[in-house]
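A.B. asks: sequence and predicted structure, then a few things I'm wondering about:
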Amino acid sequence: MSEKKFNSLLTGLIPALVLPALTLLAFWLIKSDRGFVDFLQQFQQMDMLSKVVSLAAIPNLLLFFLFIWTKRNFSARGVIFATFLLAFIMLILKIV
């Protein structure tokens, strides 16, 4: 049985942490004329930063299914782990 390429925890973890950041960055570039920090502070003042971060994590769902469909289960586990990390960050943002 041969080992599939790109089937490791890190192969799923790293893109699953970067993809929400890129999604948030794209949202900022499309919707805002402010600086990035001001953009985030505006959502924090409206008590919506955790909601925006959770919406930015939606592309991880596509990444997860991509790994599942290509039978890269360890990479899919990395996506799940990254999503749990993002959920923890959202919890902290909600409390603060």
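C.D. replies: Happy to help now that I have it. Residues are numbered from 1 along each chain as shown.
A.B. asks: phi, psi for residue 58 please.
C.D. replies: Backbone torsions of residue 58, given as degrees, to the nearest 10, read phi -60, psi -40.
A.B. asks: okay, and residue 86 sits in which element?
C.D. replies: For residue 86, the element it lies in under DSSP states H and E is helix 73-95.
A.B. asks: okay, buried residues for that helix please.
C.D. replies: Residues of helix 73-95 classed as buried: 74, 75, 76, 77, 78, 79, 80, 82, 83, 86, 90, 93 (neighbour count, 16 or more other Cβ atoms under 10 Å). For every residue, glycine as well, the C-beta is placed using N, CA and C.
A.B. asks: run the chain-centre distance for that helix.
C.D. replies: Mean C-alpha position of helix 73-95 versus that of the full chain (Cα atoms, centre = their mean, to the nearest Å) differs by 8 Å.
A.B. asks: average pLDDT for that helix, rounded please.
C.D. replies: Computed over helix 73-95, the mean pLDDT rounds to 91.
A.B. asks: tell me which other helices or strands it touches.
C.D. replies: Packing contacts for helix 73-95, counted by 3 or more Cβ pairs under 8 Å, 6 or more residues apart in numbering; DSSP states H and E, involve helix 9-31, helix 49-56, helix 59-69.
A.B. asks: so which elements touch the second one?
C.D. replies: Spelled out, it's helix 49-56. Counting by 3+ Cβ pairs under 8 Å, 6+ apart, helix 49-56 packs on helix 9-31, helix 36-45, helix 73-95.
A.B. asks: in TSV: these, plus distance to residue 58.
C.D. replies: Converted to TSV, the helices and strands packed on helix 49-56 look like this (distance: least, Cβ to Cβ, whole Å):
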stretch	distance to residue 58
helix 9-31	8
helix 36-45	16
helix 73-95	10
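A.B. asks: which one of these lies closest to residue 54?
C.D. replies: Of all the helices and strands packed on helix 49-56, it is helix 73-95 that lies closest to residue 54, at 5.6 Å by Cβ to Cβ.
A.B. asks: neighbours around the nearest residue to residue 7 once chain neighbours are set aside, how many?
C.D. replies: Excluding the flanking residues, the one nearest residue 7 by Cβ to Cβ, 6 or more residues apart in numbering is residue 72, at 4.3 Å. If you count neighbours by other Cβ atoms under 10 Å, residue 72 ends up with 20.
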